[in-house]
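In: what would the 3D arrangement of this be:
(chains A and B)
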Amino acid sequence: MPILIYLFLLVCYWLSGFGILTLFRIRLKPAYMVTLALLLGVAVASFVPFLLQLLYIVITGPTVFGAMVLVTLLLNIPSFLRMRESGISVFTRPFGPVRFRVRPYEIPYWLIIGFLIFVSVWRCYYLPPTSRDALSGPETIAEYTVREQSMINSFFGLDLSSTNNQFKSPFLVSLQVIYKLAGFPFGQVWLSVIFISFTVFLYHFLRERLHPVLAGLLLLLFMMTPEIYAYTFMILYDYSNMVFFCLGLYFLWMGLSAGGTGSPPHASVATPGSNNSSLRYPGSPAMISFAGLLLGIATYIRSETLILVVLFLPVIFWAQWRGAAGDRAKASGDNRLRVSGSVLKKMALTGFFFLLPSLVGYYLTVPLYVGHYLPVHYDVGGLVNNHLSDWHPLLQRYGDIIRQLLLGTFAIHLWGYLFYITCALFVADLVFVRRFSREARFWLYAILLTYLALGLLGFVFPLFNLTETTKRALFKIMPLLVFYLANNELLLRLSRWLARWEISRGGKVAVAGVVPGGAVTTKGAPATGRLKAAGAPPARGAGSGSTKGTPPARGTGTPGTSPARGAGTTGKNDGSSAGNSRKKNRKK
Amino acid sequence: MKVFILTLISSGLVLIVLNVGYYREWFNAKPSQYWFDFLKEKDDPGDEVAIKKTRYGIVYTISMRVKEVVEKKNMPHAVILFEPNSYYRDSLKIYGNIRAPEPAVFYYYTGLQGVWTNSPDVKKANFIVRITKNKGVTLDEIKSPQQLQRILDGFKKYPPIL
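Out: Numbering: from 1, shown residues only, chains lettered A, B, ... in the order given. Coordinates of the predicted model:
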């Protein structure tokens, strides 16, 4: 019976997540759509018992599962309405073409990663929650919610002076309640949905940019970060927060790189009544709002994420400002950074819709739930450092994060060698290549900002200690390292070399034109993965290939990389295009 | 042939990662060990209580024994006082092997109300869990407010810690 309910929940997640993706008109490759839909579905589910509580509705099996079905239906109303016109294709159209091909050299990675996933899932299912933070807060609240049908239950009548875990987000409580009601005494198994979905998402992301040999290696290095792996079967907030935070930044990048000269390489936002080329300024509002939604979920899971989200606002404003000024310069020859009032209005609106979900996520969990619903009082103001003018502890904290958490033996026990490898490749890029692509710069900026924000949080809130809270908050940086590595120029070159070598005949590398991420095209071929005959117009800004006579060997012509990659990369100053592409783009 | 070479390369990279430095130590101690645990657990899954006993260890076992005794004595309003963990650490030197649960965690295990010596509701305590090196764990009844006060005075120099 629990298995049936588990499957039912998966269907609910998928449909509700799909509904959200449809509302934002986001079209992605199926691997992204499915994994994102599941992740969003888990997030939606985590609101359901919480909302029932806010409305003072008793939390029972029928009310919770009924509400989940209702929410799923509500989120899919636009799809149902369109179904009358377009039929069932409403549910299939948002998916891009399925072109995933398994190559034998991916299998060793899949085996070991599959092993790690299996072990994690089993422990999630079999072993009860063990962390003290869970037991002294959300897990106990969830257990008594199931017994007493309310999240405000007898737990709050206890002496809670030894813990503050009762004040943390209802995210964990809600999901634990759902799974306990479903017949899983220890709950937890929802974490595996998040873990697997994110892993698959990350693999596809890496495969789009790098040769599968390198993509698999990077994913394996990420999976083998000991501390993060432990949290794939030990329920707490940090792993889920990391997932939604990093996905939020990923879509923020997509939103920023969209528009202007084209849509992002492997995703698109279909605005009503227009195509992607209508996105004029860098900064696709729908995609950025979607990024804001994901970051809002991250804030709902851990409220201090709000500070990080706010710190990313300048990136959006800067990108839009530059985009608008660039267009103006093109039109009038005026190179000064001046933009009109309408652009300022658009910037304000984009920023507002980016920030709104995080504000809502924060408001729901802290001022509303903790402030007005919980029977115990929590004085957040009392937790603030009283000596904010003394910056010495701030600098000390930044140093401690580096010394204790990122470098040294303890850091290796936490993160394996991922941080060291990233540093080495970053320095190599800095020394040998001396330039970074826009995307690489974005991820480096994200890493730096996260590091600075975490130090600041530790300074402002002394309770945000180094070896526990900051350590777990550093989870957020680890996928960002992987995102950066996927844009490391040296790795990209190695990836392209592997790709060329693989498709070349007789051991000679015969193809010279390579699009960012290792996709190889022949001359005149569009970078959409389908090879056309020579003479066809090159794909815009995609680093169009330059090798005459190279046979279109296998349909996609892009070993290990998604065909969709490069289908509209901005093409200007990306820095990761092959030399020929850059020259051509400069001429353009 | 090239695909075969690349397969060899990726296999080699996997083996290198699994055998290099701390990764080797961690992989053997954690995922591999978890796998061997799985092989045992799948054949003998055990019930919920057995799993909890294995997982939560001695603290859970003590808590459940306390629950049994209280149920036998038919005391619906039992409030259990725990000795401070600093007493186990500084006096008995047994902290690490054993520790008193937090009231919240004890409630999760047993559904009973537990208090520490600094809890607001400590005056309601009518049982105390004592742990000694000789007698092991005992549950003693607190019969009067004076007795409770004497107990609390005895622990004044041992502040409760996690």
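In: from the middle of its chain, how far away would stretch A:41-58 be?
Out: 23 Å (C-alpha atoms, centre = their mean, to the nearest Å).
In: neighbouring contacts of it?
Out: Contacts to stretch A:41-58, defined as C-beta atoms under 8 Å, 6 or more residues apart in numbering or on different chains, come from residues A:9-10, A:12-17, A:20, A:59, A:63-64, A:67-68, A:71-72, A:75, A:145, A:149-152, A:170-171, A:173-175, A:177-178, A:190, A:193-194, A:240, A:244, A:297, A:300, A:364, A:368-369, A:373. Glycine gets a C-beta too; all of them are placed from N, C-alpha and C.
In: may I see the buried residues of it?
Out: A:41-50, A:52-54 (16 or more other C-beta atoms under 10 Å in any protein chain shown).
In: present those as a markdown table; the columns should include distance to B:Thr110 and secondary structure.
Out: Formatted as a markdown table, the buried residues of stretch A:41-58 follow (distance: C-beta to C-beta, whole Å; DSSP: H, G, I helix; E, B strand; the rest coil):
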| residue | distance to B:Thr110 | secondary structure |
| --- | --- | --- |
| A:Gly41 | 35 | helix |
| A:Val42 | 31 | helix |
| A:Ala43 | 33 | helix |
| A:Val44 | 34 | helix |
| A:Ala45 | 30 | helix |
| A:Ser46 | 28 | helix |
| A:Phe47 | 31 | helix |
| A:Val48 | 29 | helix |
| A:Pro49 | 24 | helix |
| A:Phe50 | 27 | helix |
| A:Leu52 | 28 | helix |
| A:Gln53 | 25 | helix |
| A:Leu54 | 30 | helix |
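In: wait, does the top helix by length along chain B contact chain A?
Out: Ranked by residue count and defined by DSSP state H, the top helix of chain B is helix B:2-19. Yes - contact of helix B:2-19 with chain A (C-beta under 8 Å from any C-beta of the partner chain) involves B:2-4, B:6-7, B:9-11, B:13-14, B:17-18.
In: for that helix, name the packing helices and strands.
Out: The contact analysis (3 or more C-beta pairs under 8 Å, 6 or more residues apart in numbering or on different chains; DSSP states H and E) places helix B:2-19 against helix A:107-126, helix A:212-223, helix A:489-503, helix B:21-29.
In: quick check: buried residues in stretch A:359-366?
Out: For stretch A:359-366, by 16+ other C-beta under 10 Å, it's A:359, A:361-366.
In: out of these, who's nearest chain B?
Out: Set against chain B, the nearest of these by C-beta to the nearest C-beta is A:Thr365 (19.6 Å).
In: for the closest one, helix, strand, or coil?
Out: On the three-state scheme (DSSP: H, G, I helix; E, B strand; the rest coil), A:Thr365 is labelled helix.
In: what residue is smack in the middle of the chain?
Out: Chain wasn't specified; assuming chain A. Centroid-nearest residue in chain A: A:Leu247, 1.0 Å away (criterion: C-alpha atoms, centre = their mean).
In: hmm, no, I was thinking of chain B.
Out: Nearest to chain B centroid, counting by C-alpha atoms, centre = their mean: B:Val59, 3.9 Å.
In: list the contacts of it.
Out: Remark: with contacts taken as C-beta under 8 Å, 6+ apart, B:Val59 is in contact with B:98-101, B:105, B:109.
In: also A:Trp443?
Out: Contacts for A:Trp443 (C-beta under 8 Å, 6+ apart) come out as A:253, A:480, A:483-484, A:487.
In: that one and A:Tyr420, how far apart?
Out: Using C-beta to C-beta, to the nearest Å, one gets 17 Å for the distance from A:Trp443 to A:Tyr420.
In: ok, now A:Phe432?
Out: Noted for A:Phe432: a distance of 18 Å to A:Tyr420, by C-beta to C-beta.
In: ok, those two, which is more surrounded?
Out: When neighbours are counted by other C-beta atoms under 10 Å in any protein chain shown, A:Phe432 and A:Tyr420 differ, and A:Tyr420 comes out ahead with 14 against 10.
In: so which strand or helix has that one?
Out: helix A:418-428 (DSSP states H and E).
In: distance from the chain centre to the next helix-or-strand element following that helix, please.
Out: Using DSSP H and E, the helix or strand that follows helix A:418-428 towards the C-terminus is helix A:438-460. In terms of C-alpha atoms, centre = their mean, the centre of helix A:438-460 is found 15 Å from the chain centre.
In: just the angle for helix A:438-460 relative to helix A:418-428, thanks.
Out: Helix A:438-460 runs at 130 degrees relative to helix A:418-428, counting by axes from the mean of the first three to the mean of the last three C-alpha atoms, to 10 degrees.
In: after helix A:438-460 comes which helix or strand?
Out: Next helix or strand after helix A:438-460 toward the C-terminus (DSSP H and E): helix A:471-473.
In: what about the closest residue to B:Asp121 other than its chain neighbours, neighbour count?
Out: Of all residues not flanking B:Asp121 in the chain, B:Val115 sits nearest, at 5.4 Å (C-beta to C-beta, 6 or more residues apart in numbering or on different chains). By the criterion of other C-beta under 10 Å, B:Val115 has 22 neighbours.
In: kindly report the same for B:Lys67.
Out: Neighbour tally, B:Lys67, other C-beta under 10 Å: 17.
In: my guess is it contacts B:Tyr107, does it?
Out: No - the criterion here is C-beta atoms under 8 Å, and B:Lys67 misses it with B:Tyr107 at 10.9 Å.
In: list the buried ones in stretch B:61-73?
Out: Those would be B:62-64, B:66-67, B:69-70, for stretch B:61-73 by 16+ other C-beta under 10 Å.
In: next, give phi and psi for the residue nearest to B:Asp121.
Out: The phi and psi values for B:Val115, taken as degrees, to the nearest 10, are phi -130, psi 150.
In: contact partners for residue 24?
Out: Picking chain A for this. Each residue near A:Phe24 by C-beta under 8 Å, 6+ apart is listed here: A:269, A:286-287, A:289-290, A:293.
In: sorry, should have said chain B
Out: B:Leu18 are the contacts of B:Arg24 under C-beta under 8 Å, 6+ apart.
In: returning to that earlier point: quick one, grab the pLDDT at the residue nearest to the centre of chain B.
Out: At B:Val59, the model reports a pLDDT of 92.
In: I'd like the distance between it and chain A.
Out: Separation of B:Val59 from chain A (C-beta to the nearest C-beta, to the nearest Å): 10 Å.
In: mind telling me what element that residue is part of?
Out: Going by DSSP H and E, B:Val59 is in helix B:58-73.
In: please compute how far that helix lies from its chain's middle.
Out: In terms of C-alpha atoms, centre = their mean, the centre of helix B:58-73 is set 13 Å apart from its chain centre.
In: how about the residue of the stretch 251-400 of chain A found nearest chain B, nearest residue that isn't a chain neighbour?
Out: Proximity of the stretch 251-400 of chain A to chain B (C-beta to the nearest C-beta) peaks at A:Val376, 11.6 Å away. Of all residues not flanking A:Val376 in the chain, A:Phe156 sits nearest, at 5.6 Å (C-beta to C-beta, 6+ apart).
In: pLDDT weak spots in chain B?
Out: In the prediction, chain B carries no residues with pLDDT under 70.
In: tell me the domain boundaries of it?
Out: Annotated domains of chain B cover B:2-45, B:49-154 [automatic domain parsing].
In: among the ones you listed, which is the most enclosed?
Out: Among those, domain B:49-154 has the highest mean neighbour count (mean count of other C-beta atoms under 10 Å in any protein chain shown), at a mean of 17.
In: could I get the contacting residues of B:Phe4?
Out: Applying C-beta under 8 Å, 6+ apart to B:Phe4 gives the contacts A:Pro104.
In: ok, now how distant is it from A:Ser504?
Out: According to C-beta to C-beta, B:Phe4 stands 16 Å off from A:Ser504.
In: over to A:Pro78?
Out: Applying C-beta to C-beta, the value for A:Pro78 to A:Ser504 is 48 Å.
In: the two: which is more packed in?
Out: A:Ser504 (17 against 13).
In: tell me the pLDDT at that one?
Out: So, for A:Ser504, pLDDT stands at 83.
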